[in-house]
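Visitor: With the sequence up front, the predicted model follows.
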Amino acid sequence: MKKKLLIMLLLAALTLSATACGSSKEEEDPGAQKQAVTDLDNDMLESYLNQYNMDAENPIQSDDLTQEDGSASCKVTDLTVTFTTKDDDLQVAVQAKDLEDENLDVVVRDLIIAMDPELTYEEVKDMFSSFREDGRTSYDMGEVKCKLKKNSDGYRFIIEND
């Protein structure tokens, strides 16, 4: 009887310790799970995406991307993002169905800040206000030029390094 009780207590202790070990993995910092973007055909794009992923709320991984001759594209939340490089220039285009899309501000903000880390969230917020409230279609700040174009699928937001 004592052996059975001892074995049951030992099994219960092992079960509790295994459960505790398993739950610690779930509580890890989500930022620690971000992996570097590697193995792209384009070093400039790879460097930019790694800069983007450092602080992005919606990181992009290598296997998220579809690559074609100097460009790559992927889905970030419900938005389609296309990256195009030519010489030393990078252009990022974000396609959204609606200018009021809740993900648009966050994704575009992170893409802009990755292109020019000197910019602040407040400056990007001011740019969005200018597009939405003032009807502007272009905006320059720091090392970044931004354009907004209406198309048949909604809106195309274009970000370029200056």
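Guide: Cool, got the structure.
Visitor: Can I get the one helix or strand residue 146 maps to as PDB, trimmed to CA atoms?
Guide: Here residue 146 sits within strand 144-151, counting by DSSP states H and E. Extracted C-alpha coordinates of strand 144-151, given in PDB (Å, rounded to 0.1, in the frame of the first residue of the first chain):
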ATOM      1  CA  VAL A 144      10.800  58.800 -47.000                       C
ATOM      2  CA  LYS A 145       8.300  59.800 -49.700                       C
ATOM      3  CA  CYS A 146       4.800  58.500 -49.300                       C
ATOM      4  CA  LYS A 147       2.000  58.500 -52.000                       C
ATOM      5  CA  LEU A 148      -1.600  57.400 -51.800                       C
ATOM      6  CA  LYS A 149      -3.400  56.300 -55.000                       C
ATOM      7  CA  LYS A 150      -7.000  55.200 -55.300                       C
ATOM      8  CA  ASN A 151      -7.400  52.100 -57.600                       C
END
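Visitor: Would you give the sheet partners of the next helix or strand after that strand, along with the direction of each?
Guide: With elements assigned by DSSP H and E, the helix or strand that comes after strand 144-151 is strand 154-161. Strand 154-161 pairs in its sheet with strand 89-96 (antiparallel), strand 144-151 (antiparallel), by DSSP bridges.
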